[in-house]
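Trainee: coords please:
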Amino acid sequence: YTQVKYNNVTALNQLIPGLSPDPKSEKFALGYVYNLSKRTALYATVARIDNSNGADLTVGGPAFYAKPINGFVPTAQSSTGYDLGIRHIF
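Mentor: This is a model prediction of the structure:
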């Protein structure tokens with residue numbers, strides 16, 4: 001579990017406290033490794049990020065970008081990623 005909070009300090013926020021909440025993201029991740037032998041293992045990981053208050057973090061990949069619609073810029077609400085593989089040590 002990981003949590004990120006931004007201090008959204010702008011001139012307008014300093015004049016009117018509580019005007020805009022601070023952006024926040026929470027990430028949950030779970031991984032597992034299964035050893036097939038001394039040198040070979042299977043692994044899997046899944047992660048999910050939930051954004052709130054305008055945060056726009058993603059799980060890997062490029063940052064979220066969207067074209068403004070009527071002056072409003074949409075942001076990513078959540079992002080999910082997974083990683084599967086096999087590892088072998090020579």
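
Trainee: now tell me which helix or strand of this protein has the poorest mean pLDDT.
Mentor: helix 11-15 (a mean of 61; mean pLDDT, DSSP states H and E).

Trainee: buried ones in the helix or strand that that one is followed by?
Mentor: Per DSSP states H and E, the first helix or strand lying C-terminal to helix 11-15 is strand 24-35. Within strand 24-35, the residues scored as buried using 16 or more other Cβ atoms under 10 Å are 24-27. Just so you know, the C-beta spots here come from the backbone N, C-alpha and C atoms, and that holds for glycine as well.

Trainee: need those residues in JSON lines (columns: pLDDT and distance to Arg87).
Mentor: Formatted as JSON lines, the buried residues of strand 24-35 follow (pLDDT from 0 to 100; distance: Cβ to Cβ, whole Å):
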{"residue": "Lys24", "pLDDT": "87", "distance to Arg87": "34"}
{"residue": "Ser25", "pLDDT": "89", "distance to Arg87": "29"}
{"residue": "Glu26", "pLDDT": "93", "distance to Arg87": "29"}
{"residue": "Lys27", "pLDDT": "93", "distance to Arg87": "24"}
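
Trainee: Val4: which of the residues you listed is nearest?
Mentor: Within these, proximity to Val4 (Cβ to Cβ) peaks at Ser25, which comes in at 4.6 Å.

Trainee: my guess is the closest one meets Arg48, correct?
Mentor: No. The criterion here is Cβ atoms under 8 Å, and Ser25 misses it with Arg48 at 10.7 Å.
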